[in-house]
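Enquirer: Attaching a predicted model along with its sequence, questions to come.
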Amino acid sequence: MYAFTLEMSVRDYECDIQGIVNNSVYQNYIEHVRHQYLKHAGIDFHDYARQGINLVVVRAELDYKSPLVSGDTFLVTLNLKRESPLKFAFYQDIFCLPDHKMVLKAKIIGTALNSSGRPEIPRQLETLLTIS
């Protein structure tokens, strides 16, 4: 059902004064999983940056469903889809384990900018988008 999943755990310092994961931390979780997915697919995010190719987020939609707390174990899922000739979207969900309770639904739209700052999808990413 998902192209990639990664299990993670909440660390104490990620929680706010209310004792729940701060809403901004969820963006760190899903970004980490996007980077791990690309690495798993043979695309090195840092290597792209060294080549002057920057993968950038142009829009983020996050729907918070249920909070995580310190010590929770959770699953972050990912699917990648083409949105337009120059944009792609990561559809990501977070589920609390072990009951798989929905925590977050996200749609992250991105593009790739070449060294001139113009949108251009690199060949390796283009191939990944074709098979997704």
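Expert: All right, it came through fine.
Enquirer: Could you report the neighbour count for Asn114?
Expert: 14 (other C-beta atoms under 10 Å). All C-beta spots, glycine's among them, are computed from the backbone N, C-alpha and C.
Enquirer: if you skip the residues just before and after it, what's nearest to it?
Expert: Glu120 (4.3 Å; C-beta to C-beta, 6 or more residues apart in numbering).
Enquirer: now that neighbour: how far from Leu55?
Expert: According to C-beta to C-beta, to the nearest Å, Glu120 stands 11 Å off from Leu55.
Enquirer: And for Val103?
Expert: 25 Å.
Enquirer: same check, this time on Gly110
Expert: Distance from Gly110 to Leu55, by C-beta to C-beta: 6 Å.
Enquirer: picking that back up, pull up the overlap in contacts between Glu120 and Leu55.
Expert: Between them, Glu120 and Leu55 share these contacting residues under C-beta atoms under 8 Å, 6 or more residues apart in numbering: Ala112.
Enquirer: Compare these two (neighbour count), which wins?
Expert: Ranked by neighbour count (other C-beta under 10 Å), Glu120 and Leu55 place Leu55 first, with 19 against 16.
Enquirer: Go ahead and confirm Lys81 touches Lys87.
Expert: No. Using C-beta atoms under 8 Å, Lys81 makes no contact with Lys87, being 10.0 Å away.
Enquirer: So for the two, which sits in the more crowded spot?
Expert: Lys87 (15 against 12).
Enquirer: Tell me which residues touch the more buried one, please.
Expert: With C-beta under 8 Å, 6+ apart, Lys87 has these contacts: Val58, Ile109, Gly110, Thr111, Pro119.
Enquirer: and Ala89, which of the three is it?
Expert: strand (DSSP: H, G, I helix; E, B strand; the rest coil).
Enquirer: before we move on, what about the one 5 residues further on?
Expert: Here Ile94 is strand, with the state taken from three-state DSSP.
Enquirer: for Gln27, same thing?
Expert: Quick answer, by three-state DSSP: Gln27 is helix.
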